[in-house]
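here is the input, now give the coordinates:
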Amino acid sequence: MRKIGVLGGTFDPVHNGHLIIAEEARLRLGLSQVIFVPAGEPWLKTHRNIAPGEQRLEMIKLAIAANHHFSVSTVDLERVGPSYTVHTLPALRRELGEEADFYFILGVDALAGLPSWKEPEGVVEACKLVAARRPGSGALDLESLERSIPGISSSIMLLDNPLMDISSTAIRERVARGIPITDLVPEAVARYIREKGLYSY
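This is a model prediction of the structure:
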């Protein structure tokens, strides 16, 4: 059984925090690869404009080029309508085969909100949940999650990762204000953002 990490998100833009968490999960859990899955239409972020999917995809490709354990999937970008994890995981399984054992990597704060996701029970059945700590996210209330989604506790793995206070929101704000984003994103991604004029609104 191949152990595959799955890191979903808007990646608007992808940043060093994403890369560090993906590598920590790969090393600590012995994953054969980590697949970055950019959302097509992220249902939680309909309140703001998002960079086009092809540009977010290109930034991921630039960011992961140096790590042969990382890859990217376009399953959500190719799907019409909102991106839901409960649909993403079966689509990846069709691509990778039944021998793939999925480890879905997400922040502790995102895991706390899992009961509000579409068909969360289906997500839990399809993968192990790898929860990464984020600055200010606080402790995970496993009892509350268990009440909402019985049996989820046995599917959760807490990742003892270094805390990285980097967010895509802060990066977009810095670009808009003309503040450098050096050390927050790979240089190739920073160059792409400059060349395409992204986030300069």
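
list the contacts for D101?
Applying C-beta atoms under 8 Å, 6 or more residues apart in numbering, we find D101 in contact with 1-4, 128. In short, each C-beta sits where N, CA and C put it, glycine included.

ok, E99 next?
E99 makes contacts with 1-2, as judged by C-beta under 8 Å, 6+ apart.

before we move on, what about the one 10 residues further on?
Contacts for D109 were tallied using C-beta under 8 Å, 6+ apart; they are 134, 137.

host element of it?
helix 108-112 (DSSP states H and E).

so for that helix, what gets flagged as buried?
108, 110-112 (16 or more other C-beta atoms under 10 Å).

so who does the closest residue to A170 other than its chain neighbours touch?
In space, and not counting its chain neighbours, A170 is closest to L184: 7.9 Å by C-beta to C-beta, 6 or more residues apart in numbering. L184 makes contact with 15-16, 166, 170-171, 174 under the criterion C-beta under 8 Å, 6+ apart.

filter those residues to the buried ones?
Using 16+ other C-beta under 10 Å, the buried ones in those are 15-16, 166, 171.

those: which two are farthest apart?
N16 and I171 (9.9 Å; C-beta to C-beta).

list residues touching both of those two?
What both N16 and I171 touch, as defined by C-beta under 8 Å, 6+ apart, is the set 184-185.

wait, D12 touches A51, no?
Yes. Contact status for D12 versus A51: in contact at 5.2 Å, counting by C-beta atoms under 8 Å.
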